[in-house]
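The sequence isn't on hand, but the structure is:
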């Protein structure tokens, strides 16, 4: 239960709490309310926090009210969008959670090919809304992830080879700042903020609307092939060579996981996202022939159905701990170490994930947006996952795997995968962009009001 002295402070200021509840279009949820237990839970079941208040917002004005209340009453603020961040930044003990999950609007203009989405929308929901018109914008990898946190960190995904990251297709943001102002950021308006929001995370305010440029996309040729883990060396050797040659119209990722009715396995999930599925068949043929695989699920498929294929790997409520790093290119020794660590997994729910950053996403200048990691590279994530029992063996496996792979790691990691609040890791991610971001933080959030994130500290005035 809660033990922090902030709880009595909230109780003492009960009239102010009641006033906030009366003004919200949404719902103010308090400890003891019937909705509280469900509302405080996050995607990662390992996170077990007890906020003093949860403001479930429905409008931008609700967000303004919640920000002003938290600032006036000196409450720590956590922002909940999709609540998918492993760190648990979407909640705070004894603080105010500004919950955006009910803000689900998506508007699509098929003529201008522009979509406007609110921050509670999840990737799967956004994709299904735009695909009604045969259109798409690059998003993250999993359908259950929120668009908000994914986009603000950069937005790596299946279409990054062809269209770049989510931020490379963002046209504007509407956001509420720490002082309660509502601003629009675009190339023509508050351009400095527009630069920082494209990769700078939740450091500058609460985004209440995103505008994306859309692109045509029909049926895709995509799916996965599955091999036994016993053949991991030859499969990952193939994956390494295959990834070096794929065109922008394709994407391929690898997973070392336990598959029901197969057991420990290597999965290569791949897709062709171009206009000519016959050309896709030709490009994917080497992947489908190699082995051959135990299972071949590659087929013509609707893009939303392809993205949702990963959902069973990461269900809501399971316990998760992630250890992640970047790798420029895999040596034979690196792959051998990666496989050896996968063989030591302590849970059938754990997985090692390899994301491949390539194509259009790597041809944008590092200083063009806050996201600086524009060179071709891989992101490796050791996700320890379990449902019951002590956490220590599983977390120890993830940390040992991370340590074993450090001789092969390269500096800088996509901010959405940085665990904890390590300033050194955040600086390494933003590289030479960090000082500019710190100055921007000082301008828009000088007190570091928005600090439950991969935090950029406000620059100190000289």
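Thanks, I have the structure now. Every value quoted in this text rests on a predicted model; they were computed, and no experiment measured them.

how about the helices in the stretch 201-350 of the chain?
Along the stretch 201-350 of the chain, counting by DSSP state H, counting those that start in this stretch, helices occupy 232-245, 277-289, 303-307, 332-342.

what's the most buried one of those?
Mean neighbour count, computed with mean count of other Cβ atoms under 10 Å, is highest for helix 303-307 among the helices of the stretch 201-350 of the chain, reaching a mean of 21. Bear in mind the C-beta positions are built from the backbone N, C-alpha and C, glycine included.

Give the other helices and strands that that one contacts.
Applying 3 or more Cβ pairs under 8 Å, 6 or more residues apart in numbering; DSSP states H and E, one finds that helix 303-307 contacts helix 123-131, strand 220-228.

Relative to residue 43, which of these is closest?
helix 123-131 (12.8 Å; Cβ to Cβ).

Relative to the whole chain's centre, how far out is the closest one?
16 Å (Cα atoms, centre = their mean, to the nearest Å).

which strands and helices sit next to it?
Looks like helix 123-131 contacts strand 106-109, strand 114-117, helix 147-153, helix 303-307 (3+ Cβ pairs under 8 Å, 6+ apart).

now those in JSON lines, with distance to residue 74 and mean pLDDT?
Converted to JSON lines, those look like this (distance: least, Cβ to Cβ, whole Å; pLDDT from 0 to 100):
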{"stretch": "strand 106-109", "distance to residue 74": "35", "mean pLDDT": "98"}
{"stretch": "strand 114-117", "distance to residue 74": "32", "mean pLDDT": "98"}
{"stretch": "helix 147-153", "distance to residue 74": "25", "mean pLDDT": "97"}
{"stretch": "helix 303-307", "distance to residue 74": "41", "mean pLDDT": "97"}
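
export the ones you listed to TSV and tack on distance to residue 22?
Formatted as TSV, the helices and strands packed on helix 123-131 follow (distance: least, Cβ to Cβ, whole Å):
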stretch	distance to residue 22
strand 106-109	29
strand 114-117	29
helix 147-153	27
helix 303-307	40
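
what are the ranges of the helices in the stretch 1-150 of the chain?
Per DSSP H, counting those that start in this stretch, the stretch 1-150 of the chain has helices spanning 6-12, 14-23, 36-40, 60-72, 123-131, 147-153. These are given in chain order.

Looking at the helices and strands packed on helix 123-131, which is nearest to residue 172?
strand 114-117 (8.8 Å).

Show me what the closest one pairs with in its sheet, parallel or antiparallel.
According to DSSP bridges, strand 114-117 forms sheet pairs with strand 106-109 (antiparallel), strand 206-213 (antiparallel).

Check residue 112 and give its pLDDT.
pLDDT for residue 112: 98.

again, but for the one 10 residues further on
Among the per-residue scores, residue 122 shows a pLDDT of 97.

can you pull the contacts of residue 26?
By Cβ atoms under 8 Å, 6 or more residues apart in numbering, the residues touching residue 26 are 55, 56, 57, 58, 59, 62, 102.

Centre-most residue in the chain?
In the chain, the centroid-proximal residue (Cα atoms, centre = their mean) is residue 150; its distance is 3.6 Å.

so that residue makes contact with residue 416?
Yes. Taking contacts as Cβ atoms under 8 Å, residue 150 lies within contact range of residue 416: 6.9 Å.

domain ranges for this protein?
6-99, 106-216, 220-417 (automatic domain parsing).

Go through those and pick out the most buried.
Of these, the one with the most neighbours on average (mean count of other Cβ under 10 Å) is domain 106-216, at a mean of 22.

May I have the distance across that one, first residue to last?
By Cα to Cα, to the nearest Å, the extent of domain 106-216 from end to end equals 17 Å.

returning to that earlier point: could I get the helices of the stretch 201-350 of the chain as TSV with distance to residue 359?
Formatted as TSV, the helices of the stretch 201-350 of the chain follow (distance: least, Cβ to Cβ, whole Å):
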stretch	distance to residue 359
helix 232-245	11
helix 277-289	14
helix 303-307	17
helix 332-342	22
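
among the domains of the chain, which is nearest residue 449?
Nearest to residue 449, of all the domains of the chain, is domain 106-216, at 3.8 Å by Cβ to Cβ.

Out of the strands paired with strand 114-117, flag the one nearest residue 308.
Going by Cβ to Cβ, the one of those nearest residue 308 is strand 106-109, 16.9 Å.

Now do the closest one: distance to the chain's middle.
On Cα atoms, centre = their mean, the centre of strand 106-109 falls 22 Å from the chain's centre.

between the helices of the stretch 1-150 of the chain, which gets nearest to residue 422?
helix 147-153 (15.2 Å).

can you list the helices of the stretch 1-150 of the chain in JSON lines and add distance to residue 79?
Rendered in JSON lines, the data for the helices of the stretch 1-150 of the chain read as follows (distance: least, Cβ to Cβ, whole Å):
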{"stretch": "helix 6-12", "distance to residue 79": "18"}
{"stretch": "helix 14-23", "distance to residue 79": "17"}
{"stretch": "helix 36-40", "distance to residue 79": "14"}
{"stretch": "helix 60-72", "distance to residue 79": "9"}
{"stretch": "helix 123-131", "distance to residue 79": "17"}
{"stretch": "helix 147-153", "distance to residue 79": "8"}
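
Could you tell me the least trusted of the ones you listed?
Among the helices of the stretch 1-150 of the chain, helix 6-12 has the lowest mean pLDDT, at a mean of 52.

Columns distance to residue 163 on top of the strands paired with strand 114-117, output as TSV?
TSV is the format used below for the strands paired with strand 114-117 (distance: least, Cβ to Cβ, whole Å):
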stretch	distance to residue 163
strand 106-109	17
strand 206-213	9
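
Looking at these, which is nearest to residue 270?
strand 206-213 (24.3 Å).

Looks like residue 324 contacts residue 415 (just checking).
No. Using Cβ under 8 Å, residue 324 is not in contact with residue 415, being 10.6 Å away.

just to revisit the earlier point, might you report the residue contacts of the residue nearest to the centre of the chain?
By Cβ under 8 Å, 6+ apart, the contact list for residue 150 reads 82, 84, 123, 139, 140, 157, 166, 416.

if I look at it, how far off is residue 184?
Separation of residue 150 from residue 184 (Cβ to Cβ, to the nearest Å) stands at 21 Å.

and the residue lying closest to residue 409 once chain neighbours are set aside, what are its bridge partners?
In space, and not counting its chain neighbours, residue 409 is closest to residue 325: 4.2 Å by Cβ to Cβ, 6 or more residues apart in numbering. Taking DSSP bridges as the rule, residue 325 bridges to residue 380.

Kindly report the same for residue 175.
Here residue 175, judged by DSSP bridges, has bridge partners residue 183, residue 207.

one step back: closest one of the contacts of residue 26 to residue 314?
The closest of these, once distances to residue 314 are taken by Cβ to Cβ, is residue 102, at 22.4 Å.

What's the separation between that closest one and residue 96?
Residue 102 is 16 Å from residue 96, by Cβ to Cβ.

out of the helices and strands packed on helix 303-307, nearest to residue 300?
Closest approach to residue 300 among the helices and strands packed on helix 303-307 (Cβ to Cβ): strand 220-228, 5.6 Å.

Could I get the average pLDDT for the closest one?
Averaged over strand 220-228, pLDDT sits at 98.

Tell me what angle that strand forms with helix 277-289.
Here strand 220-228 runs at an angle of 0 degrees relative to helix 277-289 (axes from the mean of the first three to the mean of the last three Cα atoms, to 10 degrees).
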